[in-house]
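A.B. asks: I need the structure of the sequence given here:
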Amino acid sequence: MASSPAQYLIRFDDLCPTMLSNRCERFLSLLSLYKVAPILAVVPDNQDPDLNLQPPDPYFWDRIRTCEAAGATIAMHGYQHLCTSSGNSLLHLHHETEFAGVSESRQREWIRCGLEILRGHRLNPRLFVAPRHGFDRNTLRALACEGLGVLSDGFALRSFTRHDVLWVPQQLWGPVEKSTGLWTICIHTNTATAALEEKLETFLRSNSKQFTSFNNVIADTLPDNLSWSERLAESIAYQRMRMSAAKTRMLHAS
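C.D. replies: Predicted structure coming up:
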């Protein structure tokens with residue numbers, strides 16, 4: 001049986017009132033042109049000085065609500081985006097994260113508070129995005145207990161259930177043509193270059209019909225585990241990503 005063509009999701013991270021709003025708006029306008037519904041990963045209560053890039057945008061929450069009404073899906077991107085914990089993440093790609101290594105009770109409190117903030121702005125968060133891929137078993141238990149049992153992360157080629165949480169994979173940081181599988185492209189608009197914007201537009205022009213939405217992925221997903229061969233492929237992809245991340249850190253340190 002022939003495999004089905006690749007499908008793509010696109011996710012924008014680090015959205016908050018003090019982000020570089022003009023850069024984000026350019027990307028959102030591009031997706032609107034090609035009728036692609038993104039995942040918007042919003043920081044509920046940003047306290048990360050690295051994300052304080054402009055004075056708070058008084059229209060930020062209005063714009064996010066407008067995007068959600070137009071088809072975007074809201075993700076809770078951590079709580080305050082303060083990556084000060086050095087706990088072991090299930091995906092150990094960064095040394096410091098926000099959630100990994102923190103007690104389950106504290107993580108539940110952060111998740112509960114983050115959801116209250118987003119819902120207080122009349123948004124409907126549907127999934128969780130951990131800053132720096134930093135989450136552990138406590139995070140997954142806390143998410144399930146707080147009713148936010150969907151995570152955008154991992155290196156499989158399809159969505160799957162693990163530790164009572166549905167994982168929607170996220171494997172790319174720019175558009176790359178693939179033959180099969182579900183691929184989430186994550187873009188940080190604050191640091192995205194003009195070259196990446198141009199590359200995405202070219203990719204959308206050729207592949208817009210292969211972009212799907214979070215709603216479609218959820219509707220089409222069976223709540224099952226990966227097979228042994230899928231777990232092996234996921235593990236190989238994860239190890240490649242770890243090696244790439246380590247190489248990048250070494251280059252930045254030199």
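A.B. asks: how close does Ala219 sit to Thr212?
C.D. replies: Computed as Cβ to Cβ, to the nearest Å, the Ala219 to Thr212 distance reads 10 Å. To be clear about C-beta, it is placed using only N, CA and C from the backbone, and glycine gets the same treatment.
A.B. asks: same drill for those two, tell me which one is more crowded.
C.D. replies: Thr212 (17 against 9; other Cβ atoms under 10 Å).
A.B. asks: leaving out sequence neighbours, find the closest residue to that one.
C.D. replies: Excluding the flanking residues, the one nearest Thr212 by Cβ to Cβ, 6 or more residues apart in numbering is Gln7, at 4.6 Å.
A.B. asks: same check on Lys199?
C.D. replies: In space, and not counting its chain neighbours, Lys199 is closest to Pro175: 5.9 Å by Cβ to Cβ, 6+ apart.
A.B. asks: and stretch 56-65, what's buried?
C.D. replies: For stretch 56-65, burial by neighbour count (16 or more other Cβ atoms under 10 Å) applies to Asp57, Phe60, Trp61, Arg63, Ile64, Arg65.
A.B. asks: about what we covered before: which element is the residue nearest to Lys199 on?
C.D. replies: Per DSSP states H and E: Pro175 is located in neither a helix nor a strand.
A.B. asks: quick one, what contacts it?
C.D. replies: Tyr8, Ile185, Lys199, Leu200, Thr202, Phe203, Leu204, Asn207 (Cβ atoms under 8 Å, 6 or more residues apart in numbering).
A.B. asks: host element of the closest residue to Cys145 other than its chain neighbours?
C.D. replies: The shortest distance from Cys145 to any non-neighbouring residue, by Cβ to Cβ, 6+ apart, is to Arg108 (6.1 Å). Counting by DSSP H and E, the element that carries Arg108 is helix 104-120.
A.B. asks: and that helix, C-alpha only, in CSV?
C.D. replies: Listed next in CSV are the C-alpha coordinates belonging to helix 104-120 (Å, rounded to 0.1, in the frame of the first residue of the first chain):
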residue,chain,number,x,y,z
GLU,A,104,4.2,18.0,40.1
SER,A,105,2.2,20.2,42.5
ARG,A,106,4.0,23.3,41.4
GLN,A,107,3.6,22.4,37.7
ARG,A,108,-0.1,21.8,38.2
GLU,A,109,-0.3,25.3,39.8
TRP,A,110,1.5,26.9,36.9
ILE,A,111,-0.6,25.1,34.4
ARG,A,112,-3.8,26.0,36.2
CYS,A,113,-2.8,29.7,36.5
GLY,A,114,-1.7,29.8,32.8
LEU,A,115,-5.0,28.4,31.7
GLU,A,116,-6.9,30.9,33.9
ILE,A,117,-5.0,33.8,32.3
LEU,A,118,-5.6,32.7,28.7
ARG,A,119,-9.2,31.9,29.4
GLY,A,120,-9.5,35.3,31.1
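A.B. asks: that one: which residues count as buried?
C.D. replies: Gln107, Arg108, Trp110, Ile111, Arg112, Gly114, Leu115, Ile117, Leu118.
A.B. asks: phi, psi of the nearest residue to the third one once chain neighbours are set aside?
C.D. replies: To tie it back to what came earlier, the one meant is Trp110. Closest residue to Trp110 apart from its sequence neighbours, by Cβ to Cβ, 6+ apart: Tyr79 at 3.9 Å. Main-chain torsions, Tyr79, degrees, to the nearest 10: phi -120, psi -70.
A.B. asks: what's around Tyr79, how many residues?
C.D. replies: If you count neighbours by other Cβ under 10 Å, Tyr79 ends up with 24.
A.B. asks: what's opposite Gln7 in the beta bridge?
C.D. replies: With DSSP bridges as the criterion, Gln7 is bridged to Leu182.
A.B. asks: just checking, it touches Phe211?
C.D. replies: Yes - counting by Cβ atoms under 8 Å, Phe211 is a contact partner of Gln7 at 7.3 Å.
A.B. asks: might one say that Leu93 is in contact with Pro131?
C.D. replies: No - Leu93 is beyond contact range of Pro131, at 11.3 Å (criterion: Cβ under 8 Å).
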